[in-house]
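Asker: A predicted structure for the sequence below; I have some questions about it.
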Amino acid sequence: MKVQAFIALKADFPLPVLLQVTGLARSTFFYHQARLLAPDPHEAIKAAITNIFTTNHARYGHRRIHTELRSEGWIVAKMTVLKLMRSLGLACKVRRKRYNSYQGEQGTAAPNRLNREFDATAPNQKWVTDVTEFSVGDRKLYLSPVMDLFDRQIIAHTIGTSPNLELTNTSLREALTCLEPGQQPLVHSDQGFQYRHASWRTLLKDAGAVQSMSRKGNCYDNAVMENFFGHLKEEMFHNVRHISIDVLAAQLNDYIHWYNTKRISTKLEGQSPVQYRVQALSA
């Protein structure tokens, strides 16, 4: 019999009788009773973990929560945070398969100039982009973001009901407005039909930008954007009922704003993309 159950029975039966029936030593009983009635030594940090988890919409795993705790002054091991989160039932959701925009050999492909070198030393050196799909009932919604690899910030995005040329070209046009004189970014994508089209290549050429494409069927060549889509769907979309594509579109805009301004990254020294950029440029 577990000691906890034994203690629960104590209210209904005399202690000597229970000790005799179970063969449990009197000292053992009082030792475990004192342990169960003692204050939880992790009560305060559990409250802090729960607060960080809920404040960030249940989107943080133990690594980011550990980073937040350290910034608040807590001294705790990363695996302790994981253990406490499990005891509290706090867990992120599993990622699912992404939308594939490749539709065969159409238009012109570009070489993989990015070559998985995902770091940039200044803004507007390297951009990555892609399209992802969302299903709401029998309707579809598509997101086309452009990310600056300097700080992983989404500098432009477009949402629409079709993964057409207008969707991707509009997000690129918006991103190009961020360029300062003389800046000519490397713009990387997969080999989706939108990026092989003449209109996309013309926008890049007119801006002096350089086009780069992943090798066919190789998602790792655009791993940073794949990672963003994975987090977005894990943290905002999956296991949440969206009543319409209009509601989902509004939530996507809210998520991207939160991602840029609030969501911390260990790669960015525990800062959000906007915070990292402000600090880097001021330095």
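Answerer: Cool, got the structure.

Asker: From residue 187, how far out is the spatially closest residue to residue 184 that is not a sequence neighbour?
Answerer: Distance criterion C-beta to C-beta, 6 or more residues apart in numbering; nearest residue to residue 184, sequence neighbours excluded, is residue 208 at 4.2 Å. The C-beta positions use only the backbone N, C-alpha and C, and glycine is treated the same way. Residue 208 is 11 Å from residue 187, where distance means C-beta to C-beta, to the nearest Å.

Asker: out of those two, which sits in the more crowded spot?
Answerer: Between residue 208 and residue 187, counting by other C-beta atoms under 10 Å, residue 187 is the more crowded of the two (26 against 12).

Asker: any idea which helix or strand carries the more buried one?
Answerer: strand 186-189 (DSSP states H and E).

Asker: Help me confirm that the residue nearest to residue 184 comes into contact with residue 186.
Answerer: No: with contact defined as C-beta atoms under 8 Å, residue 208 does not count as touching residue 186 (11.2 Å).

Asker: Find the residues that touch each one of the two.
Answerer: Common contacts of residue 208 and residue 186, defined by C-beta atoms under 8 Å, 6 or more residues apart in numbering, are absent altogether.

Asker: before we move on, the earlier item: what lines up beside the strand holding residue 187 in the sheet?
Answerer: strand 126-129 (parallel), strand 210-213 (parallel) (DSSP bridges).

Asker: okay, those strands, which one's buried deepest?
Answerer: Of all these, strand 126-129 carries the top mean neighbour count, a mean of 26, counting by mean count of other C-beta atoms under 10 Å.

Asker: so how far is the host helix or strand of residue 84 off the chain centroid?
Answerer: Per DSSP H and E, residue 84 falls inside helix 78-88. A distance of 19 Å separates the centroid of the chain from that of helix 78-88, by C-alpha atoms, centre = their mean, to the nearest Å.

Asker: ok, and what's touching it?
Answerer: By C-beta under 8 Å, 6+ apart, helix 78-88 touches 42, 45, 46, 49, 50, 53, 62, 63, 65, 66, 69, 91.

Asker: For residue 48, see how far away the first one is.
Answerer: Separation of residue 42 from residue 48 (C-beta to C-beta): 10 Å.

Asker: related to what we said a few turns ago, mind picking the two most distant members of the contacts of helix 78-88?
Answerer: 42 and 63 (18.7 Å; C-beta to C-beta).

Asker: Which of these two has more residues huddled nearby?
Answerer: residue 42 (16 against 13).

Asker: Now do the contacts for the more buried one.
Answerer: residue 84.

Asker: Next up, identify which helix or strand residue 143 is on.
Answerer: Counting by DSSP H and E, residue 143 is found in strand 139-148.

Asker: residues of that strand that come out buried?
Answerer: 141, 142, 143, 144, 145, 146, 147, 148 (16 or more other C-beta atoms under 10 Å).

Asker: which residues touch the first one?
Answerer: Listed by C-beta under 8 Å, 6+ apart, the contact set of residue 141 reads 133, 134, 135, 159, 160, 161, 245, 248, 249, 252.
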